[in-house]
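Student: With the sequence up front, the predicted model follows.
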Amino acid sequence: MDTRCSWCGEDPLYVTYHDTEWGVPEYDARALWEKLVLDGFQAGLSWITILRKRDGFREEFEDFDPERVARWDEARIGKALQNPGIIRHRGKVAATVRGARLFLEIEEGEGFSPFLWSFVGGTPVQNRFATMAEVPTDTVESASMSKALKKRGFNFCGPVITYAFMQATGMVNDHITTCPRHADVRALSPGG
């Protein structure tokens with residue numbers, strides 16, 4: 001019997017996210033940056049809170065255009081902090097602006113997507129967990145990614161956050177084996 005991963009519950013927004021986005025390999029640099037930012041905003045909160053505010057984040061952060069966000073000054077940060085459509089946390093908003101500048105630096109070098117995907121050797125890790133209890137909250141790879149991001153100056157990117165990011169962006173397939181999405185996501189990977 002197919003059983004969807006239990007973490008999404010019955011909330012239609014959460015179910016749609018699980019069934020269409022979570023675990024799908026993402027290689028677009030800008031989309032990866034958006035997801036990393038949103039995972040950072042999740043710190044201390046539930047993911048459904050972020051999903052419910054995602055449109056507000058996209059509007060406030062100019063569709064997560066790193067070139068535009070990198071130019072924000074203190075006044076623009078202050079404006080964002082007045083928006084009830086996002087999580088109004090000064091440190092996280094400032095970290096997003098700093099992250100936009102760092103994103104641009106990495107893009108000019110090795111590229112943001114290749115940099116992040118290097119932590120899994122460029123190919124999604126295909127886990128085969130039978131229950132959600134088996135799914136880790138962090139791994140050696142997420143700890144390495146966290147350390148590398150922090151070394152470059154990123155914030156709100158500890159190993160638990162980076163592992164959630166890796167799950168969301170399909171760097172790891174953590175759909176349980178009884179979930180119909182496990183095979184679907186696996187098929188999207190090279191050699192699926």
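Tutor: Thanks, I have it.

Student: For the chain, just list every one of the helices.
Tutor: 12-20, 29-42, 47-60, 66-69, 74-80, 90-108, 112-117, 140-152, 159-168, 180-187 (DSSP state H).

Student: So which residues lie in contact with the shortest one, not counting its own?
Tutor: When contacts are taken as C-beta atoms under 8 Å, 6 or more residues apart in numbering, the neighbours of helix 66-69 outside the stretch itself are 30, 33, 61-62, 96-97, 100-101, 103-104, 107. (Each C-beta comes from the backbone N, C-alpha and C, glycine too.)

Student: Check stretch 146-155 too.
Tutor: 36, 40, 91, 95, 98-99, 102, 105-106, 115, 119, 157-159, 161-162.

Student: Top of those residues by number of neighbours, please.
Tutor: T162 (29 neighbours; other C-beta atoms under 10 Å).

Student: what about burial for the contacts of helix 66-69, which qualify?
Tutor: The neighbour-count test (16 or more other C-beta atoms under 10 Å) applied to the contacts of helix 66-69 identifies 30, 33, 61, 96-97, 100, 103-104, 107 as buried.

Student: want to throw these into TSV with pLDDT and distance to V135?
Tutor: TSV is the format used below for these (pLDDT from 0 to 100; distance: C-beta to C-beta, whole Å):
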residue	pLDDT	distance to V135
R30	98	28
W33	98	25
F61	98	29
T96	98	28
V97	98	33
A100	98	31
F103	98	28
L104	98	34
E107	98	31
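
Student: Looking at those residues, which is nearest I48?
Tutor: Taking C-beta to C-beta as the measure, I48 sits nearest to F61 out of these, at 19.5 Å.

Student: right, and the closest one touches T96 too?
Tutor: Yes: contact status for F61 versus T96: in contact at 6.6 Å, counting by C-beta atoms under 8 Å.

Student: Poorly predicted segments of the chain, please.
Tutor: 1, 191-192 (pLDDT under 70).

Student: Redo the helices of the chain as JSON lines? Include distance to T131.
Tutor: JSON lines is the format used below for the helices of the chain (distance: least, C-beta to C-beta, whole Å):
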{"stretch": "helix 12-20", "distance to T131": "16"}
{"stretch": "helix 29-42", "distance to T131": "23"}
{"stretch": "helix 47-60", "distance to T131": "19"}
{"stretch": "helix 66-69", "distance to T131": "38"}
{"stretch": "helix 74-80", "distance to T131": "40"}
{"stretch": "helix 90-108", "distance to T131": "32"}
{"stretch": "helix 112-117", "distance to T131": "28"}
{"stretch": "helix 140-152", "distance to T131": "20"}
{"stretch": "helix 159-168", "distance to T131": "15"}
{"stretch": "helix 180-187", "distance to T131": "12"}
